[in-house]
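A.B. asks: Quick one: sequence plus predicted model below, questions after.
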Amino acid sequence: MTEDKDIPRLTPPDERFPSREHLLRRPEDLSDEQFDLLAAAWAEDALGGEALAEMNQLLASLPSKMARAESFRHIRLTPSDERWSGTGRLLRRSVAVMTLRRSIIPALAAAAALIAFILSGPVTQRHTADRLPTQLHEVAVMNDVLIPAATPIIVDQRNTEVAVSTSRMLKTEKVTRQPVIAVNEIQHTVPLALAHNAASPGLIAALPAGDLAGMRLNTITTPAAQEKEANWIIKGVSLLARAVTKEEKKIDGYKIANACVNGINTVLGWDMELQQVSNRAGEPVKVNFSSSLLSFSAPLNKTAP
Amino acid sequence: MTVKEYNNAVKEYGDHVYRFIYRSIKDSHRADDIVQDTYEKLWRCVTEIEYAAVRSWLFTSAYNRMIDVIRKDSRLVDVDYYDDCSLYAEEESNDLNEVLHRALAMLPAVQRSVILLRDYEGYSYREIADIADLSEAQVKTYIFRGRVALRNYLVKTSVWQ
């Protein structure tokens, strides 16, 4: 091993830099650019320690520099009021809301549509027909009256016994001033005062009161009105099917509704059921709808309100 | 971060991020795209980010996206100082804030961004350094030089005598 004392070392000589004083600088010697950078930092309160003390000393000694440095405090940008238009697009819905929107609301909407599908059409149109005086006028001058079995016409006539309680075609003539009452099982020529509506007497006011037979009418369905009573949805589907296939298609409303229910069950995993109930003759009389949220039973082809 | 917190982040910081980007690139459509991309990215990792950190995350992500866009457009000019008197010509208003914004638009993108983060959002030098992926000293230098450039603009346009 070699000891330290064995290594030769150089000892620094005593020379001095002769013009050292010339290189010394004072704060006042800073160029404008250098001062501005320091002033910007000073205005941002970014200086600390000796730098801050030195800057404060400089500014105190030179008022003009102070004004210049202070001006940097005003170089501040204020946010404008630009608004981002995409805020609404990026908002997300919670899982609960999404579940509600994706399952319950469509299911309720489907159920509502189903109810509307079943209940609208014949019943609604019939009620409307019952309320309209113009429709009543049409009834008063009609030639053919179809009396459904479920709603027989009850004729209240003192002089002639008339009781029609089955479903058959009732032939009448246009109301005249000399009515002839002839009653048999099939055809009747009966001038009738329709007592179910306040407007009825006015329509037949010209007739002698004694020639009229009082009559309570639940529902009279004319062939024309019956045609109108076809469910508008089914009519629409029929028209569409006819337009596509160029053939006359008979559309079954129950099948359509049932297909809707099955489709909803498949898509949403729900367990809804639509069942058609028929009478002994095989004619559908009502549909039963059941689900976990909603159950109801609606008659089909109702002829009474 | 929950969905509710994400939505809060959209409502609370959407305008701020948009303003920052729009003022940085002066293109409303691109700014809109960048902010949308940023929030889409946030949504993809919504469960991994704490709400307390979302503001910085948004600015960082939007800033990086903006830099990518600028680079793609080859519009990033790496200039430390703005010193082009020809640009002073389009002078319209003497409102200090408007003049400052016009002057800001002439600064290099990085310098502009750090000043916006400082003035608009009040971020510290450290936070700005994190967002812009710079050192704290670099951020200070950009900001101080930016201030000097803005002041020079005001003086040269006679807004300040």
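C.D. replies: Sure, I can see it.
A.B. asks: Please report phi then psi for the residue lying closest to A:Asn279 once chain neighbours are set aside.
C.D. replies: The shortest distance from A:Asn279 to any non-neighbouring residue, by C-beta to C-beta, 6 or more residues apart in numbering or on different chains, is to A:Val285 (5.0 Å). From N, CA and C alone the C-beta is placed, and that goes for glycine too. Dihedral pair for A:Val285: phi -110, psi -30, per degrees, to the nearest 10.
A.B. asks: how near is A:Val285 to A:Glu54?
C.D. replies: The gap separating A:Val285 from A:Glu54 is 103 Å, by C-beta to C-beta, to the nearest Å.
A.B. asks: ok, which stretches of the chain are helices?
C.D. replies: I'll assume chain A. Assigned by DSSP state H, chain A shows helices spanning A:20-23, A:32-43, A:49-61, A:63-71, A:87-90, A:95-99, A:105-119, A:122-131, A:133-140, A:200-203, A:223-228, A:232-245, A:253-268.
A.B. asks: I was thinking of chain B, sorry if that wasn't clear
C.D. replies: Under the criterion DSSP H, chain B carries helices at the ranges B:3-25, B:28-44, B:54-72, B:96-105, B:109-119, B:125-132, B:136-156.
A.B. asks: Skipping its backbone neighbours, what lies nearest the closest residue to chain B within chain A in space?
C.D. replies: Nearest to chain B in chain A, going by C-beta to the nearest C-beta, is A:Trp84, at a distance of 3.5 Å. Excluding its sequence neighbours, the residue lying closest to A:Trp84 (C-beta to C-beta, 6+ apart) is B:Tyr18, at 3.5 Å.
A.B. asks: what's around the one you found, how many residues?
C.D. replies: By other C-beta atoms under 10 Å in any protein chain shown, 24 other residues sit near B:Tyr18.
A.B. asks: My guess is B:Gly126 contacts B:Glu136. True?
C.D. replies: No, residue B:126 isn't Gly; it's Arg. Yes: between B:Arg126 and B:Glu136 there is a contact under C-beta atoms under 8 Å: 5.7 Å.
A.B. asks: Out of the helices of chain A, which gets the lowest mean score?
C.D. replies: Lowest mean pLDDT within those: helix A:133-140, at a mean of 42.
A.B. asks: I figured the residue nearest to A:Asn279 hits A:Val277, correct?
C.D. replies: Yes: in this structure A:Val285 lies within contact range of A:Val277 using C-beta under 8 Å: 5.8 Å.
A.B. asks: sorry, back to before: and B:Arg126 and B:Glu136? Which one has more around it.
C.D. replies: B:Glu136 (14 against 10).
A.B. asks: I'd assumed B:Asp130 was in contact with that one.
C.D. replies: No: between B:Glu136 and B:Asp130 there is no contact under C-beta under 8 Å: 9.3 Å.
A.B. asks: pLDDT below threshold where in chain B?
C.D. replies: B:74-94, B:160-161 (pLDDT under 70).
A.B. asks: which bits of it sit near chain A?
C.D. replies: Residues of chain B lying close to chain A by C-beta under 8 Å from any C-beta of the partner chain are B:3-4, B:6-7, B:10-11, B:14-19, B:22-23, B:32, B:35-36, B:39-40, B:43, B:96-97, B:100-101, B:104, B:115-116, B:119-120, B:125, B:140, B:143-145, B:147-148, B:150-151, B:154, B:160.
A.B. asks: Selecting buried members of those in ChimeraX, what would you type?
C.D. replies: Selection of buried members from the residues of chain B next to chain A for ChimeraX, criterion 16 or more other C-beta atoms under 10 Å in any protein chain shown:
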select /B:3,6,7,10,14,15,16,17,18,19,22,23,32,35,36,39,43,96,100,101,104,115,116,119,120,125,140,143,144,145,147,148,150,151,154
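A.B. asks: From the centroid of chain B, which residue is nearest?
C.D. replies: In chain B, the centroid-proximal residue (C-alpha atoms, centre = their mean) is B:Ser113; its distance is 3.1 Å.
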